[in-house]
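[1] okay, here's the prediction I keep looking at, along with the sequence it came from:
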Amino acid sequence: MNKYINCINYLVRKKTQNIAHNNTNFFQHHLNVFNKLRKWQCSEDICYAGLFHSIYSNEVFNMEIEKDREIIKNLIGQNAESLVYSYSKDRFKTKDLRIISLANHLDQNFIKVIDNYFDQEDIMQSYFHFRDKVPWKFIGSGQNKNTWRNFRYYPKFKNKIELKFKKSTEKILKNFKYFDLLTLERIYASGNPYGTVHESHTDYGLNSQGGITVMYYLNNTWDLNLGGETVFYDVDRQDIQKSVIPKPGRIVIFDGLIEHCARETVRKFNDLRMVLTFKYEINVNQ
């Protein structure tokens, strides 16, 4: 406990609570990373390295809070300090550093949109495959407000179209350097015509270790006037932090602990709003 208190006192003396950092401040962000790493049951060295991960500055946070490495070594130990120093040079060099980097990203409203990932031929093939060929099953009666009402399909990955999405997802997560820190939980496609239920939700519970969701929009055309956006909420501020139009060929990758909802389409929309979703749980200790 004395170690933790000494670290907190140091950060306060450095007035890190007054340094802006994204939507919060340096102190709160680094404390959040520390708590997330503890929740993931990481080693003490990794947790304390997370508490100080940007203290030397890096390619993203260009402000050097501390120059004397001995001060940080005395606070968190040589092994943890070595991780902090390595993080300032290359945050993806080792698995331990990538774990800290993942915690860092997920504390910064991790929502990434990739456009034009597929060409027009791929978009058309995927659209007709999911719209016309897969055995959609309607779920939910609508009698209970907590019951979903939409069409659902669980891919079997026995054809090249579905396999393409699985391989693309793995490639995307490997490019983010986090693939080996995740475990695939489930995959499903959803189809929503006008009039079905879209509830605000998170993909993981607050008591879980969380996860990353990769979602593909499957329609071959889209118009702004059709609605159907994926809306991400900032619950603390009671506001919308991002709204994503379901454009053809678009992919959105996000922290599954962010509350979100699919907006309903307009009445004249005579089709299914279709998405394919991959959900990966955080599993840094595998």
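    All right, it came through fine. Since this is a predicted model, take the numbers as computed values, not measurements.
[2] would you map the helices across the stretch 1-150 of the chain?
    Per DSSP state H, counting those that start in this stretch, the stretch 1-150 of the chain carries helices over the ranges 2-13, 26-39, 44-51, 69-76, 78-89, 95-106, 120-128.
[3] could these go into a markdown table alongside mean pLDDT?
    A markdown table is the format used below for those (pLDDT from 0 to 100):
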| stretch | mean pLDDT |
| --- | --- |
| helix 2-13 | 97 |
| helix 26-39 | 97 |
| helix 44-51 | 98 |
| helix 69-76 | 98 |
| helix 78-89 | 97 |
| helix 95-106 | 97 |
| helix 120-128 | 98 |
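[4] go through those helices and pick out the most buried.
    Compared across these, helix 44-51 shows the largest average neighbour count, a mean of 24 (mean count of other CB atoms under 10 Å). Heads up, the C-betas are built off the backbone N, CA and C, glycines and all.
[5] out of the helices of the stretch 1-150 of the chain, which is closest to N58?
    Closest to N58 of the helices of the stretch 1-150 of the chain, according to CB to CB: helix 78-89, at 4.6 Å.
[6] export the helices of the stretch 1-150 of the chain as CSV, with columns for distance to E199.
    Shown next, in CSV, are those (distance: least, CB to CB, whole Å):
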stretch, distance to E199
helix 2-13, 39
helix 26-39, 26
helix 44-51, 33
helix 69-76, 43
helix 78-89, 39
helix 95-106, 23
helix 120-128, 25
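[7] and of the ones you listed, who's closest to K164?
    Once these are compared by CB to CB, helix 120-128 is nearest, at 7.2 Å.
[8] which parts of the stretch 151-286 of the chain are helices?
    Applying DSSP H, counting those that start in this stretch to the stretch 151-286 of the chain gives helices spanning 160-175.
[9] where does it have low pLDDT?
    The model of the stretch 151-286 of the chain has no residue with pLDDT under 70.
[10] all strands of it, in order?
    Taking DSSP state E, counting those that start in this stretch as the test, the strands found in the stretch 151-286 of the chain are 182-192, 211-217, 230-234, 239-244, 251-255, 260-262, 273-282.
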